[in-house]
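Visitor: got a predicted model here, sequence first, then my questions.
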Amino acid sequence: MRHHDKNKKFGRERNQRKALMRSLAVSLIQKGKMRTTEAKAKAIRPFVEKLVSKGRVGGVAVQRLVAERLGNVLAARRMIHTIAPQYKSRTGGYTRIIKLPRRIGDGSPMALIEFVVEIKESKPEKAKKK
């Protein structure tokens with residue numbers, strides 16, 4: 001039976017896995033997108049999306065919470081002040097995963113994870129009648 005193995009372990013101990021998730025999240029927040037293995041992209045997605053959801057609320061307590069989860073104050077500020085406000089009107093799905101060709105060296109399935117860019121629709125202005 002496969003009880004209690006919902007998390008991907010990546011062949012690492014708990015503290016190493018936590019450090020990996022933090023570093024992947026910080027890289028995604030700083031760069032906006034990154035290329036990684038498909039398994040890591042799928043694992044980091046819920047971690048980052050929960051931080052964006054918390055960041056949408058804003059405030060000092062939220063900033064401290066995000067900084068604690070990320071382990072990086074500058075990345076937490078960027079999340080709270082620049083990334084999260086872009087998704088105020090969106091209810092979820094802040095990231096997308098795009099599958100890429102397999103890695104040459106070992107054949108690992110690769111993926112690109114990035115933040116979804118919010119496109120604001122503008123209505124065309126009607127010509128004024130004279």
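Guide: Arrived safely. All figures in this text were calculated on a predicted structure; none of them were measured in a lab. Numbering: from 1, shown residues only.
Visitor: where does the protein dip in pLDDT?
Guide: Applying pLDDT under 70 to the chain picks out residues 118-130.
Visitor: again, only using 80
Guide: 2, 4-7, 118-130 (pLDDT under 80).
Visitor: for it, which segments count as helices?
Guide: Listed in chain order, the helices of the chain (DSSP state H) span 14-31, 38-57, 60-70, 73-78.
Visitor: mind checking which of those helices is nearest Gly92?
Guide: Closest to Gly92 of the helices of the chain is helix 38-57 (CB to CB; 7.0 Å). Every residue, glycine included, has its C-beta placed from N, CA and C.
Visitor: mind putting the helices of the chain into CSV with distance to Pro101?
Guide: Compiled in CSV, the helices of the chain are given as follows (distance: least, CB to CB, whole Å):
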stretch, distance to Pro101
helix 14-31, 21
helix 38-57, 11
helix 60-70, 30
helix 73-78, 29
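Visitor: of all those, which one is nearest Pro85?
Guide: Nearest of the helices of the chain (CB to CB): helix 38-57, 7.5 Å.
Visitor: buried ones in that closest one?
Guide: Residues 38, 40-41, 43-45, 48-49, 51-52, 54-56 are the ones in helix 38-57 that count as buried (16 or more other CB atoms under 10 Å).
Visitor: nearest to Arg96, out of the residues you listed: which one, please.
Guide: Nearest member of the buried residues of helix 38-57 to Arg96, counting by CB to CB, is Arg45, at 9.0 Å.
Visitor: the closest one touches Ala111, doesn't it?
Guide: No: the pair Arg45 / Ala111 is not scored as a contact, 10.0 Å apart, by CB atoms under 8 Å.
Visitor: identify the contacts common to the two.
Guide: Ile97 (CB atoms under 8 Å, 6 or more residues apart in numbering).
Visitor: got the contact list for the residue nearest the centre of the chain?
Guide: In the chain, the centroid-proximal residue (CA atoms, centre = their mean) is Val48; its distance is 3.7 Å. By CB under 8 Å, 6+ apart, the contact list for Val48 reads 25, 28-29, 94-95.
Visitor: how about those residues, which pair is most distant?
Guide: Most distant of these, by CB to CB, are Ala25 and Tyr94, 12.4 Å apart.
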